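Enquirer: here is a sequence together with a model predicted from it:
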Amino acid sequence: MGAEAPKERKKATYPRIGAKGRLQIEVVGLDRPRFQDLYHRLLEMSWRRFLLLWVAIYLVVNLGFATLYWLDPGGVAGARPWSFQDAFFFSVQTLGTIGYGAMAPHSTLANLLVTAEAFFSLALTAVGTGMIFARISRPTARVMFSRSAVVTMRNGLPTLMFRAANTRANQILEAQVTVNLARTTTTLEGVTYRGFLSLQMVRDRSPLFALTWTIMHVIDETSPLYGSDHESLLAEQAELIMVLSGTDETFAQRIHARHSYLPHEIHWNRSFVDILTMDENGRRMIDYGRFHDLAPLETERGQFASGPACQGPSTNGPTEKMTTFDDREHAFEAHFAFEQELDFRVHAKRDRMVGLWAGGLMGLKDVELESYVLSLVRADLREGGDHEVYEKVLSDLADKGVDIMPQAVREQMDQFLAKARADVGVD
């Protein structure tokens, strides 16, 4: 039996408070000086606006000094009197500390102006370089959230779900997500206020966030969403706000990403399509092209669900088959984390054996030997590669006067790696 055409949902017209960028709310009654938090504003603005602003500052500075040079005819040797073009390009050369030799300050006023412009050039270069470095080096998250959230049945209970994906080719360590429901509430005294209610996630932490993460909240009697539907959330001016944070393994710094969903972006009785597939060679594949796609929710009888999904479990009993993409996705994430843990244990054990072997050749004992072993393990963790351990061992042996062929070190490391894999139980 086919699904009925879904009714057109009314879109929320109130401002979004969890959106990226500036708040979509007009702020009045707050005294904000024009140049307050200038550094913060320069970091926030887009690269296009930042570069245009810096070009404008560069031109304004040169035009200002060129006007002063122009008002002193004959003050610049080699420049044509009353030639603003010559004055402008002399200013450009002075600001950039370019000495072509064709023009030079001649009068006292011109020399004073050159002195002032040279000092201003140092300050401008320092500020510009610092701002560009600060913008480039600032750690940012590249987390993609699904355009919609869904409310679907899982283990017989209505469950809110949305997706997140790490679009960088690295990992976010100890990722954590918090989800809050913002809505307008009226107290018994008739006071209306906007409050935040925390939503308990099925799993709010991920040790390694490398690919995708389906974040879920069970809508039971304890949930702030219990008994809600599209119309009631609109009436409450509700908004789901989520913040995902973790440590970027490349920057080794904390990063954050945020997103929000308004009621018309929450799809009831829908589910996400499966993005985990297998190719002809049996390898797992993730299709990000279908990351935002939704599918109707099918019941046990093969029909599409109807009605609000937040009224508790279905009277027909929970579904017995849970072979949806969510379970496979969680299993894949768990398997990936398990493989990463095994790899870490193997390399840590290998590094320890290499450290004991190399330390023995260098005559290290007791505390010195243990300290050297730990330094190799840290080098592997910090640099993340066998080559760094290999180079460190070769360098340390050479510093201690140990005569050994590089090939012998490489062969010994390979033997220790094979032994470590066998000890850990990795094929």
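Expert: Okay, I see it.

Enquirer: mind listing what Thr192 touches?
Expert: By Cβ atoms under 8 Å, 6 or more residues apart in numbering, Thr192 lies in contact with 184-186. Yep, even glycine has a C-beta here, placed from its N, CA and C like the rest.

Enquirer: so it bridges to which residues?
Expert: Beta-bridge partners for Thr192, by DSSP bridges, are Thr186.

Enquirer: just give me the residue right at the centre of the chain.
Expert: Of all residues in the chain, the one closest to the mean position by Cα atoms, centre = their mean is Ala141, 0.9 Å from it.

Enquirer: return the set of buried residues in stretch 88-96.
Expert: Across stretch 88-96, burial judged by 16 or more other Cβ atoms under 10 Å covers 88-91, 93-95.

Enquirer: can you redo those residues as a markdown table with pLDDT, distance to Val191 and secondary structure?
Expert: Shown next, in a markdown table, are the buried residues of stretch 88-96 (pLDDT from 0 to 100; distance: Cβ to Cβ, whole Å; DSSP: H, G, I helix; E, B strand; the rest coil):
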| residue | pLDDT | distance to Val191 | secondary structure |
| --- | --- | --- | --- |
| Phe88 | 95 | 64 | helix |
| Phe89 | 94 | 67 | helix |
| Phe90 | 93 | 68 | helix |
| Ser91 | 93 | 63 | helix |
| Gln93 | 92 | 67 | helix |
| Thr94 | 92 | 65 | helix |
| Leu95 | 92 | 60 | helix |
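
Enquirer: adding distance to Trp213, write those residues out as JSON lines.
Expert: Output for the buried residues of stretch 88-96, formatted as JSON lines (distance: Cβ to Cβ, whole Å):
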{"residue": "Phe88", "distance to Trp213": "56"}
{"residue": "Phe89", "distance to Trp213": "57"}
{"residue": "Phe90", "distance to Trp213": "59"}
{"residue": "Ser91", "distance to Trp213": "55"}
{"residue": "Gln93", "distance to Trp213": "56"}
{"residue": "Thr94", "distance to Trp213": "56"}
{"residue": "Leu95", "distance to Trp213": "50"}
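
Enquirer: from those, which is closest to Leu417?
Expert: Of all those, Leu95 has the smallest distance to Leu417: 57.8 Å, by Cβ to Cβ.

Enquirer: any idea which element the residue lying farthest from the centre of the chain lies in?
Expert: Distance from the C-alpha centroid of the chain peaks at Gly74, with 57.2 Å (Cα atoms, centre = their mean). Using DSSP states H and E, Gly74 sits within no helix or strand.

Enquirer: count the neighbours of the nearest residue to Val143 once chain neighbours are set aside for me.
Expert: Among residues not flanking Val143 along the chain, Ala257 sits closest, at 3.8 Å (Cβ to Cβ, 6 or more residues apart in numbering). Using other Cβ atoms under 10 Å, the number of residues around Ala257 comes to 21.

Enquirer: name the next helix or strand following the helix or strand of the chain with the lowest mean pLDDT along the chain.
Expert: One helix or strand of the chain scores below all others by mean pLDDT, DSSP states H and E: helix 325-361, with a mean of 72. Downstream of helix 325-361, the first helix or strand assigned by DSSP H and E is helix 366-383.

Enquirer: and the very next helix or strand once past that next one, what's buried?
Expert: With elements assigned by DSSP H and E, the helix or strand that comes after helix 366-383 is helix 386-399. Residues of helix 386-399 classed as buried: 386, 389, 392-394, 396-397 (neighbour count, 16+ other Cβ under 10 Å).

Enquirer: likewise stretch 251-269?
Expert: Here stretch 251-269 shows 255, 257-269 as buried, counting by 16+ other Cβ under 10 Å.

Enquirer: for it, output the C-alpha coordinates as CSV.
Expert: This file holds the C-alpha atoms of stretch 251-269, laid out as CSV (Å, rounded to 0.1, in the frame of the first residue of the first chain):
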residue,chain,number,x,y,z
PHE,A,251,46.3,20.5,15.2
ALA,A,252,46.3,18.7,18.6
GLN,A,253,43.8,21.4,19.6
ARG,A,254,40.1,21.5,20.6
ILE,A,255,37.7,22.2,17.7
HIS,A,256,34.0,22.9,17.7
ALA,A,257,31.1,22.7,15.2
ARG,A,258,27.5,23.7,15.7
HIS,A,259,24.3,23.3,13.9
SER,A,260,20.6,23.6,14.6
TYR,A,261,17.2,22.3,13.2
LEU,A,262,13.9,24.2,13.1
PRO,A,263,10.6,22.3,13.2
HIS,A,264,10.3,22.2,9.4
GLU,A,265,13.7,20.6,9.1
ILE,A,266,12.7,17.7,11.4
HIS,A,267,11.0,15.0,9.3
TRP,A,268,8.5,12.7,11.1
ASN,A,269,8.2,9.0,10.1
